[in-house]
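S.K.: okay, sequence plus prediction incoming.
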Amino acid sequence: MKNVCCSEFAPRKVWMKTFGCQMNYHDSERILYHLDKLNFTLVKSREEADLVIFNTCAIRELANNKFYSQLGEFKKIKLKRPDLIIGICGCVSQIEGAALIKKFKHLDFAFGTDCIDRLPEMICRIDGGERGFHINSWDQSENYSIETEITHNSPQAFVNITKGCNNYCSYCIVPYTRGREKSRSLVEVVDDVRNLVETRGIQEVTLLGQNVNSFGRENRETFPELLARLNEISGLSIIRYVTSHPRDMSDELIKVHGELEKLAGHLHLPVQSGSNSVLKRMNRGYTREYYLDLLFKLRRAKKDIVVSSDIIVGFPNETEAEFQDTMDLLEKAKFDFVFSFCFSPRKGTKAFQMKDTLSNETRSNRLQALQKKQLLIQGNIRKQLQGRTMRILVDGANRMDGVLKWKGRTECNRIVHFEPVGPNDNLRWHWIDVEILSSTALSAQGKLLFDHGLNKSK
Ligand code: SAH
Ligand code: SF4
Ligand code: F3S
């Protein structure tokens, strides 16, 4: 390898494609931060790019296939432009990086989920002429310590507080792609968030981890303590977190939902199934009764809390009766939103080895039935929003039926569209009070009542 000095980079362009969860999107921000320091600019069109990066997701077959088909398209592009550098990272790369490098000759480098901060070294190796290498080692340090790096100008930031997962749900690949669970120290997270608020104007943070509510276990710190400390940061308006495990939803955590005014009135609490026997085969560590009791306690602590969830249908050998238990739980839980998926066998997991008699047709019929039922339930819940006044942070605009409408989210995570008063107003990142005129199962239409302007706390 030639010796290359990292401070001598000419301007170059990068195109990135990110698949998967918020954690992967946040990793992409961190990648861009490093690339920015190496004089790369993010571009929207892949034709312009000198470097292409795929940040991959391994959670279900579908996510995998989307990535493979896009990677395939680059084979032809690379033939025309041999100087184009193609790299992959993320969860697929962590577990299959070496094999992919071997298989796809147009792939130049691959790196794993724990190696993002080694990107400058990798670009130096590329510039030194090296190709076809992969790095997927795990960070061996006992403590998880980082500083949040962002390149955007929005008032919303993701902040990693834990990484990895030790839960080994029998269907899930994440413990193999993200490694052992580790938490940052409470004090580091609080200082990090305060710094984001003071120096970057951040008003809303989303605390990220595969299992955030087990934060601090190895440091004898707790998640409710962290939330209480973040709640004291002046200038911060909204604290969100994702994702949490029902088993780690302690009484103390439920209590702070009713006490901390900055904690969002929305909670994503994946249930996965409403059947006790399926939950057991999934290794989830709780029953439907326990889960429904959690919802009861949460709603007692905070009356209007909005709860969303994840559900997998067609787990190996799921019987009709087991599926009906999930349908029944939907009625009882009254979720505001559900992300639902057909079970997808992932190599390396326990469920992959389970003998499975269910047909794909049964799986997709069950998924459709579940989604239909949930839409009816959430449509009924959201109809009741009509006439209410809600505050939203405007995050973008869309054209709907030819009319420009601004779009924002309430602190309880509901999307509201509204028409601007003046056609040239730029309302992005304004806090707005809207009256809800109507609401469907997925979004609401509102009328602008009051514009609090930029950078106003709620
Ligand atoms: N850590 C989070 C979930 C991360 S994965 C949690 O435990 O809640 C996001 C969702 O993908 C999961 O909640 C689950 O519903 C779904 N999922 C994970 N593995 C899957 C698989 N093999 N097949 C189908 N869906 C899966
Ligand atoms: Fe996967 Fe379960 Fe960990 Fe969530 S808690 S990441 S579903 S193993
Ligand atoms: Fe996918 Fe990895 Fe997230 S598998 S869902 S990108 S943790």
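M.R.: Good, I have the coordinates. Ligands and ions are numbered 1, 2, ... in the order given.
S.K.: make it CA atoms for all contacts and neighbour counts henceforth
M.R.: OK.
S.K.: return the set of buried residues in the lengthiest helix in the chain.
M.R.: Scanning the chain for the longest helix, with DSSP state H as the assignment, gives helix 360-383. Along helix 360-383, these residues count as buried under the neighbour rule (16 or more other Cα atoms under 10 Å): 363-364, 366-368, 370-371, 374-375, 377-383.
S.K.: contacting residues around stretch 310-324?
M.R.: The contact list for stretch 310-324 (Cα atoms under 8 Å, 6 or more residues apart in numbering) reads 269-275, 277-278, 338-343, 351, 354-358, 362-363, 366-367.
S.K.: that one near ligand 2 at all?
M.R.: No: Stretch 310-324 is not in contact with ligand 2 by Cα under 6 Å from any ligand atom; minimum separation 9.4 Å.
S.K.: what's the end-to-end length of that stretch?
M.R.: With Cα to Cα, to the nearest Å as the measure, stretch 310-324 spans 16 Å from end to end.
S.K.: could you check whether that stretch is close to ligand 3?
M.R.: No: using Cα under 6 Å from any ligand atom, stretch 310-324 stays clear of ligand 3, coming no nearer than 12.0 Å.
S.K.: now that stretch: buried residues?
M.R.: In stretch 310-324, counting by 16+ other Cα under 10 Å, buried: 310-316, 318, 322-323.
S.K.: show me which of those neighbour ligand 1.
M.R.: Restricting these to those near ligand 1 - Cα under 6 Å from any ligand atom - leaves 310-312.
S.K.: just send the residues you listed back as JSON lines, with distance to Glu188 too.
M.R.: JSON lines is the format used below for those (distance: Cα to Cα, whole Å):
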{"residue": "Asp310", "distance to Glu188": "30"}
{"residue": "Ile311", "distance to Glu188": "34"}
{"residue": "Ile312", "distance to Glu188": "35"}
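S.K.: just the ones of those residues in helices?
M.R.: Among those, none falls in helices (DSSP H).
S.K.: out of these, which comes closest to Phe40?
M.R.: Closest to Phe40 out of those is Asp310 (37.0 Å), distances taken as Cα to Cα.
S.K.: report the beta-bridge partners for the closest one.
M.R.: Taking DSSP bridges as the rule, Asp310 bridges to Phe339.
S.K.: make sure Asn55 is indeed in a helix.
M.R.: No: read with DSSP: H, G, I helix; E, B strand; the rest coil, Asn55 is strand and lies in no helix.
S.K.: tell me how far it lies from Arg346.
M.R.: 19 Å.
S.K.: out of those two, which sits in the busier spot?
M.R.: Using other Cα atoms under 10 Å, the more surrounded residue of Asn55 and Arg346 is Asn55, with 27 against 18.
S.K.: show the contacting residues for the more buried one.
M.R.: Neighbour list for Asn55: 16-19, 24, 28, 88-91 [criterion: Cα under 8 Å, 6+ apart].
S.K.: please apply the same query to Glu435.
M.R.: Neighbours of Glu435 in contact, by Cα under 8 Å, 6+ apart: 386-390, 446-449.
S.K.: nearest to Leu32, of those?
M.R.: Within the contacts of Glu435, proximity to Leu32 (Cα to Cα) peaks at Met390, which comes in at 34.6 Å.
S.K.: secondary structure element for the closest one?
M.R.: For Met390, the host element (DSSP states H and E) is strand 389-400.
S.K.: report the spatially nearest residue to Arg284, omitting neighbours in sequence.
M.R.: Leaving aside its sequence neighbours, Arg284 sits nearest to Cys169 (Cα to Cα, 6 or more residues apart in numbering; 5.9 Å).
S.K.: pull up the residues of this protein that are close to ligand 2.
M.R.: Going by Cα under 6 Å from any ligand atom, the residues of the chain near ligand 2 are 165, 167-169, 172, 174-175, 210-211.
S.K.: cutoff 5 Å now
M.R.: Proximity of the chain to ligand 2, by Cα under 5 Å from any ligand atom, involves residues 165, 167-169, 172, 210.
S.K.: dump these to CSV, plus secondary structure.
M.R.: Below are the residues of the chain next to ligand 2 laid out as CSV (three-state DSSP):
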residue, secondary structure
Cys165, coil
Asn167, coil
Tyr168, coil
Cys169, coil
Cys172, coil
Gln210, coil
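S.K.: which element is Leu437 on?
M.R.: strand 430-439.
S.K.: near ligand 1 at all, the longest helix of the chain?
M.R.: No: figure legend: helix 360-383 not in contact with ligand 1 (Cα under 5 Å from any ligand atom); closest approach 11.0 Å.
S.K.: now that helix: how far from the chain's centre is it?
M.R.: Taking Cα atoms, centre = their mean, to the nearest Å, the mean C-alpha location of helix 360-383 is offset from the chain mean by 22 Å.
S.K.: just stretch 76-91 next, same as before
M.R.: The answer for stretch 76-91 is 26 Å, by Cα atoms, centre = their mean.
S.K.: quick revisit: mark which of the contacts of Asn55 are part of strands, please.
M.R.: Assigned to strands by DSSP state E, the following of those qualify: 16-18, 88-89.
S.K.: so where's the stretch 301-450 of the chain shaky on pLDDT?
M.R.: 423-424 (pLDDT under 70).
S.K.: tell me which parts of it are close to ligand 1?
M.R.: Residues of the stretch 301-450 of the chain lying near ligand 1 by Cα under 5 Å from any ligand atom: 310-311, 343-344.
S.K.: Gln94 - nearest residue in space that isn't next to it in sequence?
M.R.: Distances taken as Cα to Cα, 6+ apart put Gly112 closest to Gln94, at 3.9 Å, once the chain neighbours are dropped.
S.K.: can you give me the neighbour number for the one you found?
M.R.: Here the number of neighbours of Gly112 (other Cα under 10 Å) works out to 25.
S.K.: which residues touch it?
M.R.: If you count contacts by Cα under 8 Å, 6+ apart, Gly112 has them with 89-91, 93-95, 97, 135-137.
S.K.: now, of the ones in strands among the contacts of Asn55, which are buried?
M.R.: Buried residues within the ones in strands among the contacts of Asn55, defined by neighbour count using 16+ other Cα under 10 Å: 16-18, 88-89.
S.K.: Ala49 and Glu121, how far apart?
M.R.: Going from Ala49 to Glu121 by Cα to Cα gives 20 Å.
S.K.: please read the previous query as pertaining to Leu196.
M.R.: 27 Å.
S.K.: the two: which has the busier surroundings?
M.R.: Ranked by neighbour count (other Cα under 10 Å), Leu196 and Glu121 place Leu196 first, with 24 against 12.
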